[in-house]
Each structure stands twice: as structure tokens, then as C-alpha cells.
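build me a structure from this.
(2 chains)
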Number of protein chains: 2
Amino acid sequence: MAQENQKEEKITFNIDKDRNFSEWFTEIIKVAELADMRYNVKGFVVFQPWSVLAMEAMYDLYERALQRKGHNPMWFPAVIPEKNFFLERSHVEGFAPEVFWITEHGASEKLEEKLALRPTSETAIYQMYSLWIRSYKDLPFKAYQRAQVWRHETKATRPFLRSREFYWIEAHDVFANEEGAMRQVHEDMEIAEEILHKKFGVPFIFFKRPQWDKFAGAVNTYAADAIMPNGKIVQQPSTHLLEQNFSKAFDVKFRDSDGNEKYAYITCYGPCISRMFASVIAMHGDSKGLKFPFEIAPKQIVIVPIAADKNNAVMKKAQELADLLSANYRVEIDASEKSPGEKFYYWEMKGVPLRIELGPKEVKEKKLTIYRRDTNKKEAVSEKQLLKFVESSAGEITENLCASADKYFSGIIKDAKSLDEIKSAVDSGKIARTNFCSTELGGAKCAETIEKQLGARVRGTRVDKSEKPSGKCAVCGKEAKEVVYIANEY
Amino acid sequence: MAQENQKEEKITFNIDKDRNFSEWFTEIIKVAELADMRYNVKGFVVFQPWSVLAMEAMYDLYERALQRKGHNPMWFPAVIPEKNFFLERSHVEGFAPEVFWITEHGASEKLEEKLALRPTSETAIYQMYSLWIRSYKDLPFKAYQRAQVWRHETKATRPFLRSREFYWIEAHDVFANEEGAMRQVHEDMEIAEEILHKKFGVPFIFFKRPQWDKFAGAVNTYAADAIMPNGKIVQQPSTHLLEQNFSKAFDVKFRDSDGNEKYAYITCYGPCISRMFASVIAMHGDSKGLKFPFEIAPKQIVIVPIAADKNNAVMKKAQELADLLSANYRVEIDASEKSPGEKFYYWEMKGVPLRIELGPKEVKEKKLTIYRRDTNKKEAVSEKQLLKFVESSAGEITENLCASADKYFSGIIKDAKSLDEIKSAVDSGKIARTNFCSTELGGAKCAETIEKQLGARVRGTRVDKSEKPSGKCAVCGKEAKEVVYIANEY
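Numbers count the residues shown, from 1 in each chain, chains lettered A, B, ... in the order given. Take a look at the predicted model:
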């Protein structure tokens, strides 16, 4: 297969992730064949099988969680008429600069109306909600789509982290009142905890964003900030309380139990699968390459037959084990011509959680040698115990990776009392916690100062606990109304 | 939920599918909430949860079959630079008239280069294959993507059957020689048999298309023709032998074992999920509404509690059964305020394969009443036997629907010896089999006569058997070289 070439150039991957994260990230994407950046449209990449298999498993887990919480899947058109865009004023201001416009078809024939290639789907979806929702009995109305969105980003693009095309889920939920909507915001955060943290092993903090950093058209934005090994924040799922802004713009009304017609309360939630994948590989990898939580590993088990050319029983047994395991797991037999050592390095670099080494000795003794990528240790496992071993390792591997990510994350916050202390915290890859005048629009000037002087940004106030400031704003010296967090971001 | 409104207007669905297929098809899409045609861009529809759940299950089965046969999944950009389109001459001629072009971003700023919204992905993918494939050891190279494609159709659009946006899979496979490529064409046909026929219950015949009706850029096109209850053909998966046409245009070369550099042989395969869904509902439905093969039913089992307001044990038992079944199946409890009769009609219209009726009597006797939508019959099943019953019914339901579709399909071919006989066959909803001069370009004129006079089209020659003509072409009277099939099409 295509990896042949790269293998010839470089048999072993060996980059210190903690010291040279940027190089590690760029190289592992290439060497593990996660994405190819040579596609000939700027800001667009090709996602290769090794990342797609993982991202499909991630979609599956996230979608199942949404469905368990009462969401139905739907598929909306990728194109949105220009006029829809102008119905919600702040939304269009926020998104219009990034829209790709379809204006022609065939031999340069003009379309009757310009069509936006969706950058997000509020303006496509809510006009239909307006038709579908009639009565309080229709509420809550919870639905989502897995979809790509396209944004003409002006910031530098990086595969998985920021591209002009990305793969996400967008959930759009409708409620009779603000309480229902706020409960949904909390449910969205719980789903992130259940899936992004516990299944993908990526820790984060949910912040209520300052008023100057909201989703265009939202009343409030709540966003999960995860961190990369270089101390830069990457924003993961965000959920937005739109209240009645869009229901007024798109006429999403319902007849309440009291007989009156009312505008509905809407929330939207955007977990981005391709971006979460960036956090997954960045959090768990090491100098040998990738590591994957078990449930989302592209292949979960690789079987490496040893000396199979001299012993027919080896390949037979390898196939037998693969058949046994394939009922529940994604399994690969590496029957290539490489040496066992080369195969070991290769699959360690690719991050396969379990490797079964199977030679004549193992076949004879009915005892397998199994390597765990999370611990980089081998164990002897009797053939009879194989299924049980895989089942219990599966959970352990995910928990183990999650725990070490948590450990790294737990030391990431540093208190800071002045611009200098904030600078020293963020420069050393930490998140600075500091007193701050305000996260209402009045605080925007201090945030600007931080951004200009330190290149760092105010992330907002914590959602999981209420923190009271004691003292003055670290920037302007006025009385602080909030405790905010500040960090560098991708 | 949203169905409320429609329910109020129309509690029962009752349209004779065989007599009024067109009305049946239009109405069931609306009443069962499969797709909403009120989206405000021409030719684009919104796919609603009830169809999306089924289509996701269909994607899953099809993708797993492709993966079992050695295909890897990948995700390519939805946009293709204009220049790529002009590299394969017949391809651009075929597709250029249908392309949507992205020309601007933001506030009417021109893009440096026009981008096609992909109508199909050969011109996006093969330039990357050219980078990825180096040696005969890289071959066969088999990969696919699940993706949407967009075509500015000029024909009338109909939801699922023909839209300007559709949901498909495209597999693109590369081989060292023509034999490898032809084997793939046959494997593609086998996958259609395994999934579209045996799992989705849709029978079809694979035809080798006449030379004037090939995929733009192909040497040969092989396409599965299924039939609708009104006798109109709908083309299902097609697989194309591209030979070296695209490998020459996109420089897909490999170094062979003899040391020489050679152009590769490529095939592409396009099973369209949203269109297969049209065949699924059309083949299996009846006057009461939808029927689904078990594996792809949006919900597989609905539990209807009866007199639950008077007996607490009923809801408790319903939840218990739902929990038991949910581990393996898609289950819904209908706890709405409707009467049991209304619920029965509703879920029959929606096509749920199994309905468990659960009242105080069933709870007390530990005996369930289970209704099967395929046979429209009820059975008493002891609670203990529930899982076993569901498991065995699952297979039976799919086989049963498949068998009755096969039965309908088996009588569909009618021999015809003249234009009049062809007309009488296709007018009565049959596929005419007839002697024909040639499926090379020389036969195009006779095909045109048929199209102009009868509105029907020559589908090609059978792939599953070789048929020798005896006599003259039914149109021009010249000696017939082929036996072809002719039918009306959507």
C-alpha cells in the first residue's frame, strides 16, 4: 500500500512530542497518513483512511449519545439562499465574510440567486422549524445533522485544527422557555463530558465566553477549551443560547398551553469531529507516534505473524484469531514482507492499542504475547483468555489515556495578578487565572490590551464553578467583577 | 412532535400503490415525514429523521461490505478546481453542463480560481492517487468515500429519485491490468447483489450500457436497473471500467515488477443511498404505507402500551422490554396520548416491522401480542421467547419482502419483435426484450428512434447471461448483433 514509500524513507518515527510539538504534529499527520495537504485548493485537505476510520467511530459515539438524549438525525441541503442570511443581523455580520458563494452553473450561466455553501446551518434549518413546529406539544424539538461546513478562513489553516472545510455535528433544539433552553445547554456540556472526555480522553473546561466573543447571533456562548501539549488552547464543542433571536428572525412560533402564540427558545451545539481528532492525537501520542483510546482506534488489534513462512500453523492461527476477534473489533493481520521488528515500529507509530505477536512458540504453547500501546508493555495471555483480556484491556486503555491527559491538564492553570504574571503564565504554556473588570462589553478594551500585548485571549468565566474575584482587574485596575482565564490559542 | 399536525388532518393512510403509484409515492413521503420539499432552493430537499435513520443503516451495511472487500474509507474535499475538470475530455463534456460553480467569497470577492462543487470525484481523487501510487506493490488500491454530490439537473427533480444534491458512496479502485479491473467490476456487482438485493430487498438486472450511454470518460458502464411499481426503470448502482483514460489524464502510474512504468487501470462505482431508498420504499410499501426490511428500518420495534393509565405495571413492563431490546435493536415506546388504534395505524404507515402490544392482560399472562408489518398478522409470543422471536422474525421479514419483490420482478420482461410490440410492452409497465442491431455507436440511431417514438430507452445487454439474437433488429431491420432490453425510465 501507499505507506511503502514513506517506510523506505523512515522506518521509525522518533520526535519528542513535549519539546517539539509543532514538528511532531506536522510529521505524524504525514507519516501515519492521516491527512494529505497536497490537495490543490488552499485550505482544503484530503482525509486518509487512518483518520477517517477513527473519525467515523467518533461520529458514531457522539451521534449515539445525542440520540439517547432524544435528538433525531436529519440531513439539510449544503446550500443556503443568500436572502436567508440577511434575516438575523448579527449572524450575517459574523459569518458573511467567510462564506463561499455559488453563483454560476454549467457554462458560466448565472444562478437566479446566489447560494451560500453553508458555513453553519441556522439560516437553513430554522425556516423549516417554522413549518414543523406548531404547538407546545411539539416541544422540545431536538434534532441534529452530521455535516461538513465550509468557511473561507483568513487565519492560517492547519489540518484538523482549522481548515476551510470541516466535519462536524450541529444540533438545533427548540424549547418553550428559557429554562428548557438552559437545561439543554447543560445537557450539551454533559454529552461533551461523557464522550469527548471519557471516551476520547480529552479534558477541557467549559467557559462562558465574554460578550465580545459570542457566536454571531447568540445571547450567550459556552465553549469547551482543551489544551495542546504546547499550551495553546483549542476550542472544542460550543453550545449557544440563541434565546428568541433566531425564532423571531425565522418565525419559529408555537401555540402554548395557554392558547397564546409565542416565539420559541433555541439552542445550537457544534461538536467538530475533525477538530476533536486533533486533540485526540495531540493529547495521547508520544515520541513513537500515535496512541488511540480503544473505542475510536482505526484498527484496535493488529496480529503480527512471526516466522509464518516456515510454519503453516502460524498463518492459520492468525486467521482463526482474526475471525474470532472481528465479530466485535476492528482487526488487521499484517502479513506483509516486512520483518517483525519493522511491523512493530510501524503499528506502534500508527497507534494500534493491542498487538498480538504470534510465532510457532505461541501457537504451540497456546499462549499469546500481547503488546499494549498505552503502557508500551508486553504480557503473556493464554489463548483461551484472549477475548476476556481484550475486553478488559479495552476499558483500561481508554481510562489510562484519559487519566494521563487529566494529569497533564490538572497542572495547567496558574494564578496571575498582573499583565506581567499573565504573560509569564501563558508564555510557559499555562492558562492564567486572573481578576478581570467585566465580561460584558465594557471589558472588551482590557481584553484587547491582552491580545495586543501578549497575543493571548480572554476565554471567559468557568461554568462548572462560580468564582468570586477579590481585588482589582489585572489590566485596568478597576474593581474586578469576574475571574477569567487567559491563554494562547490556535 | 411534528407529526401531530399531519395526524390531525389524516389519521389513516390509504392509497392503492399499484393503481396510483405516483400519488402513493408523493403522499407517503409527506405523511411519513421522509423528506420536506418546501426548502427554498429548487431541486434541494430536507431529509427528515425517518428517512435518515434508514439511510444511515443503509450506508452502514454498504460500507461494511466495501470494507470487507478491501476498501478503505477516505474523505475528499467537496470542491474541485476548474482546471482539473478539463483534463479528461469526455468527462468534462459530460459533466460541465451540470456543475455548480463557486466563484466568490465574503462580500462578492472573486476567488482566484473557480471551484466546482463536486458532481462526482474522479477529477479530485485521481490527482492524489497519482501521488500515492508508486509501485505494483501498492496495487490493488481500493478506497471509497461516503459523500454528497451536487448536479444542476435540468430534468424534473423528485425527492430521493433525482435531486440536485444526493447522498452516495463512490469507490475508486486502481489495478495493474485490465483483468484486475474487470474482476472489480464483477465484485461491485456482487456487492450490489449482497446488499441492495438481499438486505434491502430490491431486485435488479445489471446491464452493460450501450456505447452512447456510458459514464463520461468510461470505456464501459455496467448499471443495475431496478423497477418501480409503475413499470418505470430506476438506475441503481453503476460501475465503470475507466481503463487508462483517467490514469493518463491524471498521471496515475506505477512501476511494474518488470521495472517498467505503466499507466494503471481504474474502476469507479457509485451506489447512491438516497436513490436506493426510493426503491426500498417503492418496492415494499402497500396501501397502508411503508414496509421496511428489518435491518434498515428506522425503528425496528415499537412498543404500544395499552391502558397504561389504569395499570402502572404496563409502563414498567414496556420500559423493561425496551431496555432489553435496545441492546440490539432500534426500539421506541409510543407513550403518546393517542388511542391504541391510532397508534397502530400510525406505526403501520411508518413501516415499523414489529409492534408489541402490551396491556394488563399481556403483563399478567407474560404473553405478548406481536404484529408483523410484512404479513400484517399478529402472533402471541411468550415473554421469555421474545428475544428469540425477534431474532428469527428479523431474518424472515427481510426474506419475505425480498421474495415478494422478486416475484413482481420475475414477470417484468416481455419479448418484443417490432416497434409496436416494444411499445405495447413498455406501455404496460414491462421491460421489452428485443433483437437489436448494435450497442456500438452504430446502433445509436435506432435507440433514438425508440426514444422519440416511444419515450423509452435501450438499457443495454445483460451481464449475468450471454444472449444471442436470432433475426433482425426490431427497429432498422438490419441483422441483429445483440439482445437488448428497453423500458421507460425515471
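
and the strands in the stretch 351-490 of chain A, which stretches?
A:354-358, A:367-372, A:377-382, A:413-415, A:431-436, A:457-462, A:482-487 (DSSP state E, counting those that start in this stretch).

got the angle for the third one vs strand A:354-358?
For strand A:377-382 against strand A:354-358, the angle between stretch directions is 60 degrees (axes from the mean of the first three to the mean of the last three CA atoms, to 10 degrees).

check the second one too.
Orientation note: strand A:367-372 sits at an angle of 150 degrees relative to strand A:354-358 (the same axes, to 10 degrees).

list the helices and strands strand A:367-372 packs on?
Under the contact definition 3 or more CB pairs under 8 Å, 6 or more residues apart in numbering or on different chains; DSSP states H and E, strand A:367-372 sits against strand A:354-358, strand A:377-382, helix A:386-410. (C-beta placed from N, C-alpha, C; glycine too.)

okay, those in JSON lines with mean neighbour count next?
Below are the helices and strands packed on strand A:367-372 laid out as JSON lines (neighbours: other CB atoms under 10 Å in any protein chain shown):
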{"stretch": "strand A:354-358", "mean neighbour count": "23"}
{"stretch": "strand A:377-382", "mean neighbour count": "12"}
{"stretch": "helix A:386-410", "mean neighbour count": "16"}
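
what about the ones you listed, which gets the closest to chain B?
The closest of the helices and strands packed on strand A:367-372 to chain B is helix A:386-410. By CB to the nearest CB, the value is 15.8 Å.

pull the distance from the closest one to the chain's centre.
Counting by CA atoms, centre = their mean, to the nearest Å, helix A:386-410 is centred 19 Å from the centre of its parent chain.

and that helix, what other elements does it pack with?
helix A:273-284, helix A:312-326, strand A:354-358, strand A:367-372.

got the CA positions of the helix or strand following the first one in CSV?
Stepping forward along the backbone from helix A:273-284, the first helix or strand reached (DSSP states H and E) is strand A:301-305. Backbone C-alpha positions of strand A:301-305 (Å, rounded to 0.1, in the frame of the first residue of the first chain) are rendered in CSV as follows:
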residue,chain,number,x,y,z
ILE,A,301,-5.9,-5.0,17.2
VAL,A,302,-3.1,-6.0,14.9
ILE,A,303,-1.9,-9.5,14.6
VAL,A,304,1.7,-10.0,13.6
PRO,A,305,2.5,-13.5,12.4
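
which helices and strands sit right next to strand A:301-305?
If contacts are counted by 3+ CB pairs under 8 Å, 6+ apart, strand A:301-305 sits against helix A:312-326, strand A:331-333, helix A:340-350, strand A:354-358.

try 10 Å this time
If you count contacts as 3 or more CB pairs under 10 Å, 6 or more residues apart in numbering or on different chains; DSSP states H and E, strand A:301-305 packs onto helix A:312-326, strand A:331-333, helix A:340-350, strand A:354-358, helix A:360-365, strand A:367-372, helix A:386-410.

residue farthest from the centroid of chain A?
A:K310 (45.8 Å; CA atoms, centre = their mean).

burial of the closest residue to that residue other than its chain neighbours, as a residue count?
Leaving aside its chain neighbours, A:K310 sits nearest to A:P360 (7.4 Å; criterion: CB to CB, 6 or more residues apart in numbering or on different chains). Using other CB atoms under 10 Å in any protein chain shown, A:P360 is surrounded by 16 other residues.

do the same with A:E320
Count around A:E320 with other CB under 10 Å applied: 12.

same check, this time on A:G201
27.

then A:K414?
So A:K414, with other CB under 10 Å, has 17 neighbours.

how about it, what does it touch?
A:421-422, A:424-426, A:428-434 (CB atoms under 10 Å, 6 or more residues apart in numbering or on different chains).
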